[in-house]
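Novice: can't give you the sequence, but here's the structure:
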């Protein structure tokens, strides 16, 4: 007797990235109610299932969806507005323009266009951080993406609040009104911008709210050498030691960027069970620095990979980020063996899932995990011939090699079409918003 299921993806090489690094040359993945119910060689498992829909990938690669550990999706509205500047000057130019257009419409449409960009390039989960984040939630729900939506917190006036004293009223309302549906693919979080824009009291309040609500706490940390010096002058200690002193570090804490830390600070982060998300493309473009990824991993710190926002990186393509991550680690260490392609892949998959607290749902393909799957074409000229899958995925593959994206068992992208929403219409609306800055 056969079991009725929703979807079968078959006839391709399956890379599971599970704890056994299982690989199936003629593999299949069986999906029901958004969950993987079986995986293996198709001739061994498929006789037991009858599916509503079947995708025959014709020899392509079947693998887990990628995890973008950090972005500001709405900032696609500012893509290319201010380039070729160091971070402090970039902020000076971008913030006034951002404040001019920031609002519910900008956040919704900017996030929706970013969702299309990410879905097309194989990103199935994203950790977003911005203001008016309830409108980012609306966009991610519309897109079908799995998303951690972190409400931004700073100590100065923003378009979302004129009086900074009211910011936590907005934060609490965001957390309280968040969908409580266990089957939801969007999850709440908090994002305190950085130690140079938020006081210790703000970090304390955000930490306590995150703990109370079960939400994760994210922050930019030690992004530039100048930030480290400024925080040392203000508080007498480096950014990592500052947050340790303030009791912010714990297992529910994820630091983003973390380019300028010493070995003791790495041990501090590891000792508290905190995680890190690195953004190599943004760090290189802004000349902010290069995170010591191999040292983080050697210390047992879960490391995720992020694109950062489209205003500081211009693209949200994790294949590009994997490539540049590997090369920057090699050139800064002067050792081409310092990081392997397989390790780099882990930052965008199961290690990245752990870095954002979602290792029980995503990051690999096995029974019981969420059915977040991408199908990748590795037969194009830039990927031929094929000797090693991890090498190809890190050094040769590109976002446009993704043919299909499946999130929670739902096909959201296939053969050039984004299904959940009107992609051309969203892009047109974003052009209208961007034109306000011309």
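Specialist: That came through fine. Note that this is a predicted model, so its numbers are computed, not measured.
Novice: all contacts plus neighbour counts: C-alpha atoms, from now on.
Specialist: Noted.
Novice: quick one: the strands in the stretch 201-350 of the chain, in order.
Specialist: Shown for the stretch 201-350 of the chain, the strands assigned by DSSP state E, counting those that start in this stretch span residues 216-221, 253-257, 275-278, 303-305.
Novice: closest one to residue 423 among these?
Specialist: Counting by CA to CA, residue 423 lies closest to strand 303-305 out of the strands of the stretch 201-350 of the chain; the figure is 25.8 Å.
Novice: paired strands for the closest one, with orientation please.
Specialist: Sheet pairing of strand 303-305 (DSSP bridges) gives strand 275-278 (parallel).
Novice: the partner strand: how far from the chain's middle?
Specialist: The chain centroid and the centroid of strand 275-278 are separated by 10 Å under CA atoms, centre = their mean, to the nearest Å.
Novice: kindly report the same for stretch 213-227.
Specialist: Stretch 213-227 has its average C-alpha position 14 Å from the chain's average C-alpha position, going by CA atoms, centre = their mean.
Novice: what mean pLDDT does that stretch get?
Specialist: Average pLDDT, stretch 213-227: 97.
Novice: now swap in stretch 101-118 and tell me
Specialist: The average pLDDT for stretch 101-118 rounds to 97.
Novice: going forward can the numbers begin at 708, since that is how I track them
Specialist: Happy to do that; since the first residue is 708 now, the last one works out to stretch 808-825.
Novice: and the contacts of it?
Specialist: Applying CA atoms under 8 Å, 6 or more residues apart in numbering, the external contacts of stretch 808-825 come out as 780-784, 831, 838-840, 842-843, 845-847, 849-850, 852, 866-867, 1023-1024, 1125, 1130, 1133-1134, 1136-1137, 1140, 1143-1144.
Novice: got the buried residues for stretch 849-864?
Specialist: Buried residues in stretch 849-864, counting neighbours by 16 or more other CA atoms under 10 Å, are found at 850-862.
Novice: pull up the distance across it, start to finish.
Specialist: Length of stretch 849-864, first residue to last, CA to CA, to the nearest Å: 30 Å.
Novice: element containing the closest residue to residue 763 other than its chain neighbours, please.
Specialist: Of all residues not flanking residue 763 in the chain, residue 717 sits nearest, at 5.2 Å (CA to CA, 6 or more residues apart in numbering). Assessed by DSSP states H and E, residue 717 sits inside strand 710-722.
Novice: what do you get for residue 1131?
Specialist: helix 1130-1141.
Novice: which strands or helices does the strand holding residue 717 pack on?
Specialist: In terms of contacts (3 or more CA pairs under 8 Å, 6 or more residues apart in numbering; DSSP states H and E), strand 710-722 is packed against strand 730-739, strand 756-763, strand 768-771.
Novice: what lines up beside the longest one in the sheet?
Specialist: Spelled out, it's strand 730-739. Applying DSSP bridges to the sheet, strand 730-739 is found paired with strand 710-722 (antiparallel), strand 742-748 (antiparallel).
Novice: same check, this time on the shortest one
Specialist: Its sheet considered, strand 768-771 pairs with strand 710-722 (parallel), strand 1080-1083 (antiparallel) by DSSP bridges.
Novice: please apply the same query to the second one.
Specialist: Strands that pair with strand 756-763, judged by DSSP bridges, come out as strand 710-722 (parallel).
Novice: nearest to residue 928, of the strands paired with strand 730-739?
Specialist: Taking the strands paired with strand 730-739 one by one with CA to CA, strand 710-722 is closest: 33.7 Å.
Novice: list the contacts of the strand holding residue 717.
Specialist: Residues outside strand 710-722 that contact it (CA under 8 Å, 6+ apart): 728-740, 749, 755-771, 1072, 1116.
Novice: which of these count as buried?
Specialist: Here, 16+ other CA under 10 Å leaves 730-731, 733-739, 749, 756-758, 764, 766-771, 1072, 1116 buried among the contacts of strand 710-722.
Novice: quick one: the helices in the stretch 1008-1145 of the chain?
Specialist: Assigned by DSSP state H, counting those that start in this stretch, the helices in the stretch 1008-1145 of the chain fall at 1025-1040, 1048-1055, 1057-1062, 1096-1098, 1130-1141.
Novice: take those and write them to a markdown table, including distance to residue 815.
Specialist: Shown next, in a markdown table, are these (distance: least, CA to CA, whole Å):
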| stretch | distance to residue 815 |
| --- | --- |
| helix 1025-1040 | 22 |
| helix 1048-1055 | 25 |
| helix 1057-1062 | 25 |
| helix 1096-1098 | 35 |
| helix 1130-1141 | 9 |
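Novice: what's the most buried one of those?
Specialist: helix 1057-1062 (a mean of 26; mean count of other CA atoms under 10 Å).
Novice: and that one, what other elements does it pack with?
Specialist: With contacts taken as 3+ CA pairs under 8 Å, 6+ apart, helix 1057-1062 sits against strand 773-778, strand 982-985, strand 1010-1012.
Novice: in JSON lines: the ones you listed, plus distance to residue 930, mean pLDDT and mean neighbour count.
Specialist: Formatted as JSON lines, these follow (distance: least, CA to CA, whole Å; pLDDT from 0 to 100; neighbours: other CA atoms under 10 Å):
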{"stretch": "strand 773-778", "distance to residue 930": "13", "mean pLDDT": "98", "mean neighbour count": "29"}
{"stretch": "strand 982-985", "distance to residue 930": "10", "mean pLDDT": "98", "mean neighbour count": "29"}
{"stretch": "strand 1010-1012", "distance to residue 930": "15", "mean pLDDT": "98", "mean neighbour count": "30"}
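Novice: low pLDDT regions in the stretch 908-1057 of the chain?
Specialist: Within the stretch 908-1057 of the chain, no stretch has pLDDT under 70.
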